[in-house]
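Visitor: sequence unknown, structure follows:
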């Protein structure tokens, strides 16, 4: 059984929780969240919207109290010391917590003061230099592009140099260059020993994490490295080629095919293992051919969603 004393005997973890559960009325937002993250590790909470990712991060940040379960974050008891947890960690919400009418420097100075910096101005200037924000110091946050605004939000989140970062969809809606800038920053922080937990519904982004928890309807459906998560499901992908191959998707029954999308001139199908024979026979009957390939993390999420829908 997990107890705070158990976690203290494992100091290699920056964050260690077990059995965290949160309900809102009759709806289970997250059930039995168990997670340990070491310093320098990047862990992803991946899944569709409504899967429990944001609630999980808010629980880990001490922003809401769990109905069951507990654990430690940076040695602080999540139940008895939630206020201290909130002060020690860095939490980046989906929605901006910055003041749009204040300048970049004013926002950073204010955030530094909130966290008790003895010299908020110097703390703000350090972040401005670290994030390359010198050209925007006097610009109001509301006038920034999405990518630069997210950079300022991350700079504010790091103003007190937290050793645990909890990031809710940190790159959502950003262009490739802005996403790369954020990821370069996260990698740098991880190499310095910061433990990072981030949520994402973008499975390409999720594959950048060392470890993944795949969430659906408030429950952990699989965990491990991105490759390990994808390998846990009894399904496979088929690359189909041949004449008029795209029209084949309309002739395949939805109970046999979990997903279908074009891939250049070919068609990529995700099918359950027990339906493979039927699907391949239909493919051949249409004058097409197929090649099996391994599942991706996104494929695994589609399998989970299909199974959840079948149970409704």
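Guide: Noted; the coordinates are in hand. For clarity, every value in this text was computed on a predicted model and none was experimentally measured.

Visitor: return the distance of the residue nearest the centre of the chain relative to residue 209.
Guide: Averaging the C-alpha coordinates of the chain gives a centre point, and the residue nearest to it by Cα atoms, centre = their mean is residue 199 (2.0 Å). Taken as Cβ to Cβ, to the nearest Å, the spacing of residue 199 relative to residue 209 amounts to 10 Å. Where you see a C-beta, it was placed from the backbone N, CA and C, and this is true even at glycine.

Visitor: just residue 189 next, same as before
Guide: Taken as Cβ to Cβ, the span from residue 189 to residue 209 is 14 Å.

Visitor: residues shared between the contacts of residue 199 and residue 209?
Guide: 44, 46 (Cβ atoms under 8 Å, 6 or more residues apart in numbering).

Visitor: so which bits of stretch 209-228 are buried?
Guide: Of the residues in stretch 209-228, those buried under the neighbour-count criterion (16 or more other Cβ atoms under 10 Å) are 209, 211-223, 226.

Visitor: any idea how far the spatially closest residue to the residue nearest to the centre of the chain that is not a sequence neighbour is from residue 47?
Guide: The spatially closest residue to residue 199, leaving aside those adjacent along the chain, is residue 53, at 3.7 Å (Cβ to Cβ, 6 or more residues apart in numbering). Spatial separation of residue 53 from residue 47 under the definition Cβ to Cβ is 6 Å.

Visitor: shared neighbours of those two, anything?
Guide: When contacts are counted by Cβ under 8 Å, 6+ apart, residue 53 and residue 47 are jointly contacted by 201, 215.

Visitor: so which residues of the stretch 1-150 of the chain form strands?
Guide: Taking DSSP state E, counting those that start in this stretch, the strands of the stretch 1-150 of the chain run over residues 15-24, 27-37, 42-46, 68-73, 76-77, 90-92.

Visitor: closest one to residue 166 among those strands?
Guide: Ranking the strands of the stretch 1-150 of the chain by proximity to residue 166 (Cβ to Cβ) places strand 90-92 first, at 4.8 Å.

Visitor: if anything else comes up later, I'll come back, but that's it for now.
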